[in-house]
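Colleague: Structure for this input, please:
(one chain, ligands or ions: 1)
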Amino acid sequence: MVSIRPGPVNVGGIQTPNHLLLAAGILGTTGASLARMLSYGAGAVVTKSIGPEPKDGHAGPCLAILDDGVLNAMGLPNPSKDFVEEISPLKGKPVIASIYGGNPEEFAMVAEWFRGSAAAIELNLSCPHAEGYGAAVGSDPHLVEACTLAVSRLGMPTWVKLTPNVTDITAIGKAAERGGASAIVAINTVKAMRISTGLRRPVLGNRYGGLSGKAIFPVAVRCVYELYESCHIPIIGCGGVSSADNVLEMMMAGAVAVEIGSAVYSDVRVFETIARTLYADDGVPAHDLVGCAHG
Ligand code: SIN
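Modeller: As a prediction, this is how the structure comes out:
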């Protein structure tokens, strides 16, 4: 397996010590857990998504661990503006605030709360099971462009996390690019469900949820590959990454870095585990690999 030369990386307007970032929604609800993931080798960390009003989330069960993935329908639970205090002790660290809103004005308001405390903003335009938010907004290219513009014009690095649950993800990626995004994050979870044959009812309280983990890795690679052919801004690969070889594959598809989520459930030190295999002082420069699978 090829190795990459270690060193600082410029990812969508921020500098990180490596290519391995913590994805939104995993150990991202407190400043202490985010700090812990940085100390365990994450190059940057993305918070749980924060919205314009406090939200309790969906009725449980909210999470099901499957053979090859994780099914969740948390329902965007969050304390809203109070969360800013959680990350203020991490000022100056590579902390990215994930935010959601129902329209451009709400996105701009929530992003503004994080000015000075977050290194970048990641727009959640992709949660597949939140009425009026997430993919409900992020499936419409006009809304994606307007929400992205509302945040990018504030002057903070602006990442846009896309849903795979659309016919043409490149139309959404191009809309984010037109809105001034600094990077695209691909992908959020795949809309999915399971039914308990014993109970004869859906497993999740919300019935539908989002699938993450190894099962969706091929979907994520395909989306990154398609986006690389259509967009010019950096792409951050996300979705089922759990090994150094997965990181290389994402890079070859076109990603400049990756976000890792579900793999943290089985190895809380997954960033260090992957880095041990991924990096070597005599490795190749990462930019030699980014997009190399394209003809
Ligand atoms: C949730 O809180 O329901 C998950 C968030 C997401 O899928 O973006």
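Colleague: farthest residue from the center of this protein?
Modeller: What lies farthest from the middle of the chain is residue 198; by Cα atoms, centre = their mean that is 34.1 Å.
Colleague: In which helix or strand does it reside?
Modeller: Under the criterion DSSP states H and E, no helix or strand holds residue 198.
Colleague: got the residue ranges for the strands in the stretch 1-150 of the chain?
Modeller: Residue ranges of the strands in the stretch 1-150 of the chain, as given by DSSP state E, counting those that start in this stretch, are 9-11, 14-16, 20-22, 44-46, 63-65, 70-72, 95-99, 120-124.
Colleague: Residue 85: which of those is closest?
Modeller: Set against residue 85 and scored by Cβ to Cβ, the strands of the stretch 1-150 of the chain come closest in strand 95-99, at 12.6 Å. No exception for glycine: its C-beta is placed from N, CA and C like everyone else's.
Colleague: now the closest one against strand 120-124, angle please.
Modeller: Angle of strand 95-99 versus strand 120-124, following axes from the mean of the first three to the mean of the last three Cα atoms, to 10 degrees, is 30 degrees.
Colleague: Begin at 21 from now on, thanks
Modeller: In the new count, where the first residue is 21, that last one comes out as strand 115-119.
Colleague: Tell me if strand 115-119 is near the ligand.
Modeller: No: using Cβ under 6 Å from any ligand atom, strand 115-119 never reaches the ligand; the gap is at least 7.8 Å.
Colleague: Could you pull up the residues touching residue 215?
Modeller: Residues near residue 215 by Cβ atoms under 8 Å, 6 or more residues apart in numbering: 221-223.
Colleague: quick revisit: how far away is the residue farthest from the centre of the chain from residue 90?
Modeller: 21 Å (Cβ to Cβ, to the nearest Å).
Colleague: ditto for residue 139
Modeller: As judged by Cβ to Cβ, residue 139 and residue 90 stand 27 Å apart.
Colleague: Check residue 247 too.
Modeller: Distance of residue 247 to residue 90, given as Cβ to Cβ: 24 Å.
Colleague: Between the two, which is the more surrounded one?
Modeller: The neighbour comparison of residue 247 against residue 90 (other Cβ atoms under 10 Å) goes to residue 247, with 26 against 23.
Colleague: hang on, that one is in a helix, isn't it?
Modeller: Yes: with DSSP: H, G, I helix; E, B strand; the rest coil as the criterion, residue 247 is part of a helix.
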